[in-house]
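>>> The sequence and its predicted three-dimensional model are supplied below.
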Amino acid sequence: MRTEPLTDWSQDHREQHFHSVIGGGWLRMPPPMLGLLLAALTGRGKPLTREELRPFVRSSVNSSGDWHASCWGDGDERDRADLTELRAAQAATSTRYAAHYGLPPLSTLNDMLTLMIAAGLVHEIPDADGQTRLYPAFPLPGPHEVFPLDDKELSAQQVLRRHLAYGGDSSRIIALFDPTGLRHQEITTSLDRLAHVIDEHSHDARQAVLLLLEGPDFTATTDISEIPPHKVFQLRCDWDTFHTHRIRRGRQGRIAATVPTDGNDST
C-alpha cells in the first residue's frame, strides 16, 4: 500500500504514532526489534539517520548498534529450547513477510529495516545536505495492511484493534458498577443510555458491551448484538471473576465512579 512520511513532528502526532505502534499490534510482529524500532523513530522529535538510530538498536550482543548485527537477539538465550522453537517460528513468519516483497530471509538489522522500507512503514529521504534520514509512515498502517498475516494472527490483530477502539468505552461502562465502592452486581440500561454515558453513538456502546462480554465476568440478559438501541436490558458483573480476570491480571487497574443509588445508569 502507498503510505506518506510523517511531516508534522508535533508532540500530538508523535504520540499518535507511538499509540499506533503499541495499540496497533506492531510489538507482536517478528523480529521483536521491528516494533521497537518503529516506536523509536520519533524518539528525538526529528527524522534520524541510521547512525543516529544506533543507540536504539543496541543489545547485549550488539553494544555498538551495528546494523549488520543479527536482528534476532541474544546469543546465550538461544540455547533455551522454548526460545529456540519460538525463534524458529518467528523466523519462518518473517521470511514469508520478506518474500511478499521479493526480499530474502531476515538475518541482520539492516535486512529488517529494508523490509520496513519496502512495506512502506518507513520512508528513507535525503535531506538538504544529501544525508539520508528515516521517517515513519503517518498514519502508520496496521500489520494486516502490509503483511500477509495467517488466520491466527489476523484474529489476534482484530482483537487488538477492537480493544484499541472500544477499550476506553468499556472501562467507562465498568465504572457504572463502582468496583471500589458499592459494587453493584447489576445495572439496568440500554445502548442509548450507555451511548450518552460514553459520549458516543449507540454502535460504539454496543461494541463496548460486546467487548466486556468476551470476558468471563460480565453477562447480559439479552443478545447485545441484536438488541435495538432503545431496548432496556440488565448487564451483570461477577466481582470474584472480575478481580481475577481484570484487576489481578493488571488489565483494568483501579476504577472509581459514582453510581445512582438505585443501581441504574440513568441520571
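Right, received. Where do you want to start?
>>> Break down the stretch 51-200 of the chain into its strands, ranges please.
Assigned by DSSP state E, counting those that start in this stretch, the stretch 51-200 of the chain shows strands spanning 122-126, 132-136, 186-189.
>>> Now for Cys71: which residues touch it?
31, 33-34, 106-109, 111-112 (Cβ atoms under 8 Å, 6 or more residues apart in numbering). No exception for glycine: its C-beta is placed from N, CA and C like everyone else's.
>>> And for Gly102?
Taking Cβ under 8 Å, 6+ apart, we find Gly102 in contact with Ala118.
>>> hmm, back to that, tell me which two of the contacts of Cys71 sit farthest apart.
Taking Cβ to Cβ as the measure, those span a maximum distance of 13.7 Å, between Leu34 and Ser107.
>>> Quick one: the strands of the stretch 51-200 of the chain as a markdown table, columns for distance to Ala98, mean pLDDT and mean neighbour count too.
As requested, these are exported to a markdown table (distance: least, Cβ to Cβ, whole Å; pLDDT from 0 to 100; neighbours: other Cβ atoms under 10 Å):
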| stretch | distance to Ala98 | mean pLDDT | mean neighbour count |
| --- | --- | --- | --- |
| strand 122-126 | 15 | 97 | 16 |
| strand 132-136 | 19 | 97 | 19 |
| strand 186-189 | 49 | 95 | 18 |
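>>> Reformat those strands as CSV; add distance to Ser171.
Shown next, in CSV, are these (distance: least, Cβ to Cβ, whole Å):
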stretch, distance to Ser171
strand 122-126, 33
strand 132-136, 28
strand 186-189, 15
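>>> and of these, who's closest to Thr42?
Per Cβ to Cβ, nearest to Thr42 of those: strand 132-136, 6.3 Å.
>>> Can you give me the domain assignment for the chain?
11-146, 151-247 (automatic domain parsing).
>>> ok so, going back, buried subset of the contacts of Cys71?
Applying 16 or more other Cβ atoms under 10 Å to the contacts of Cys71, the neighbour count classes 31, 33-34, 106-109, 111-112 as buried.
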